[in-house]
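*Asks:* The following block contains a protein sequence and its predicted model.
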Amino acid sequence: STGSVVTTPQQYDVEYLTPVTIGTPGQNLEIDIDTGSSDFWVFSSETPKSQVNGQTCYNPKKSSTAKKLDGATWEIEYGDGSSSSGDVYLDKVKMGGLNFSSQAIEAATRVSDEFTEDTNNDGLMGLAFGLINQVRPQKQKTFFENLQPSLDKPLFTADLKSGAPGHFNFGYIDKNAYTGSITYTPVNSTQGFWMWTSPGYTIGASGKFKSSPIQGIADTGTTLLLLPSSVVTAYYKKVSGAGYDSSNSGYVFPCDATLPSFYVSVGDSARIKIPGQYMSYAPVDSQGQNCFGGMQSDDGIGFSIFGDVFLKAAFVVFDAGKERLGLAAK
Ligand SMILES: O=C([C@@H]1CCCNC1)N1CCCCC1
């Protein structure tokens with residue numbers, strides 16, 4: 001089998017939302033596909049009304065195919081401080097023309113304010129490795145892991161775009177979705193992430209390559225590109241008026257500044273170009289005078305995060321069969 005589903009950016013490409021259908025009759029939700037975590041959780045009829053602000057809620061009591069996974073609970077804390085928790089049902093899930101009849105659906109009985117305030121986001125579908133699924137006493141498989149044996153190829157691809165809808169495809173590689181060739185690089189999944197190491201980077205079209213290994217994860221659920229502070233400092237040195245703004249906890253610069261492109265090396269001889277325009281995330285003031293940088297420090301995380309600022313510049317193959325990541329220009 002193969003599948004393909006559209007994914008649509010929210011304002012400033014802060015996140016990408018993807019339609020999914022749960023239960024019988026189908027309940028349609030819009031979720032954030034997150035390759036940086038491994039829980040599929042949704043707003044539900046069990047989420048306190050005070051914590052629901054426009055989201056669509058999955059109601060297992062209205063699904064003839066829902067089965068409670070007795071005794072199972074979950075609780076997750078994300079790196080940005082947001083969190084949620086709840087109980088678990090098994091139910092049918094349809095996404096991109098693919099079906100799985102007994103997917104673990106983690107119904108939220110509590111969500112943190114960050115999720116309540118994210119009004120269009122009905123939940124997260126984690127597509128990292130099941131090793132880090134947070135359901136206890138038995139961890140559950142991701143949607144992709146459940147489907148993997150039936151897919152033509154044991155992989156999925158992400159084609160996120162700047163300010164336009166893109167696709168997540170499952171089980172196949174669309175040759176029309178990228179240019180040139182795909183460069184593959186090994187993934188180390190021992191921490192449960194799509195973790196890989198870039199050999200280095202280049203700042204600007206006429207910059208000199210810096211050989212400096214950067215270990216990080218491919219995370220569609222993180223908006224920005226989070227890199228070692230040495231790289232971040234070197235980049236913003238090339239942006240006039242840029243500086244670290246403690247009130248916004250990150251590098252900020254005049255929105256009319258010219259931003260250099262940033263090249264992330266892959267394998268022995270390839271690199272992904274992030275256009276300068278992608279390196280500005282959003283205004284920090286209502287006048288739109290100063291802008292928050294798309295590249296920020298990974299301090300405190302323990303590794304870098306290749307989030308949407310990077311991923312939307314590439315066609316990305318998440319190849320579980322060969323534990324590798326494929327990257328191509330587009
Ligand atoms: O919580 C996260 C991210 C948050 C944004 C969405 N993706 C998952 N982690 C990834 C980095 C290491 C810590 C866990």
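*Replies:* Looks like it came in fine.
*Asks:* pretty sure Asp245 is touching Tyr236, no?
*Replies:* No: counting by C-beta atoms under 8 Å, Tyr236 is not a contact partner of Asp245; they are 11.0 Å apart. Where C-beta positions appear, they are placed from N, C-alpha and C, glycine not excepted.
*Asks:* Please enumerate the shared neighbours of those two.
*Replies:* Listed contacts common to Asp245 and Tyr236 are Tyr251; contacts here mean C-beta atoms under 8 Å, 6 or more residues apart in numbering.
*Asks:* More neighbours: which of these two?
*Replies:* Between Asp245 and Tyr236, counted using other C-beta atoms under 10 Å, Tyr236 has the larger neighbour count: 24 against 15.
*Asks:* Now do the same contact list for the more buried one.
*Replies:* For Tyr236, the contact set (C-beta under 8 Å, 6+ apart) comprises Ala242, Gly243, Tyr251, Phe253, Gly293, Met295.
*Asks:* measure it to the ligand for me?
*Replies:* Distance from Tyr236 to the ligand, counting by C-beta to the nearest ligand atom, to the nearest Å: 22 Å.
*Asks:* Equivalent analysis for Glu77, please.
*Replies:* From Glu77 to the ligand the distance is 7 Å (C-beta to the nearest ligand atom).
*Asks:* What about that residue, how many residues nearby?
*Replies:* Counted by other C-beta under 10 Å, the residues lying close to Glu77 total 12.
*Asks:* Tell me the bridge partners for it.
*Replies:* Taking DSSP bridges as the rule, Glu77 bridges to Ser83.
*Asks:* list the contacts for Leu225?
*Replies:* With C-beta under 8 Å, 6+ apart, Leu225 has these contacts: Phe262, Ile274, Gly294, Met295, Gln296, Ile305, Phe306, Gly307, Val309, Phe310.
*Asks:* want to throw the residues you listed into JSON lines with secondary structure?
*Replies:* Listed next are the contacts of Leu225 as JSON lines, based on DSSP: H, G, I helix; E, B strand; the rest coil:
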{"residue": "Phe262", "secondary structure": "strand"}
{"residue": "Ile274", "secondary structure": "strand"}
{"residue": "Gly294", "secondary structure": "coil"}
{"residue": "Met295", "secondary structure": "strand"}
{"residue": "Gln296", "secondary structure": "strand"}
{"residue": "Ile305", "secondary structure": "strand"}
{"residue": "Phe306", "secondary structure": "strand"}
{"residue": "Gly307", "secondary structure": "coil"}
{"residue": "Val309", "secondary structure": "helix"}
{"residue": "Phe310", "secondary structure": "helix"}
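*Asks:* what would the residues you listed look like in JSON lines with neighbour count?
*Replies:* Listed next are the contacts of Leu225 as JSON lines, based on neighbours: other C-beta atoms under 10 Å:
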{"residue": "Phe262", "neighbour count": "28"}
{"residue": "Ile274", "neighbour count": "24"}
{"residue": "Gly294", "neighbour count": "26"}
{"residue": "Met295", "neighbour count": "25"}
{"residue": "Gln296", "neighbour count": "24"}
{"residue": "Ile305", "neighbour count": "24"}
{"residue": "Phe306", "neighbour count": "31"}
{"residue": "Gly307", "neighbour count": "25"}
{"residue": "Val309", "neighbour count": "26"}
{"residue": "Phe310", "neighbour count": "29"}
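*Asks:* when you check the ligand, which of those residues turn up near it?
*Replies:* Restricting these to those touching the ligand (C-beta under 6 Å from any ligand atom) yields Ile305.
*Asks:* nearest to Ser37, of the contacts of Leu225?
*Replies:* Ser37 lies nearest to Ile305 out of the contacts of Leu225, by C-beta to C-beta, at 11.9 Å.
*Asks:* tell me the contacts of the closest one?
*Replies:* Applying C-beta under 8 Å, 6+ apart to Ile305 gives the contacts Gly36, Gly79, Gly216, Ile217, Asp219, Thr222, Leu224, Leu225, Leu226, Asp298.
*Asks:* can we see that at 6 Å?
*Replies:* Taking C-beta atoms under 6 Å, 6 or more residues apart in numbering as the criterion, Ile305 is in contact with Gly216, Ile217, Asp219, Thr222, Leu226.
*Asks:* Check Asn59 too.
*Replies:* So Asn59 contacts Ser45 (C-beta under 6 Å, 6+ apart).
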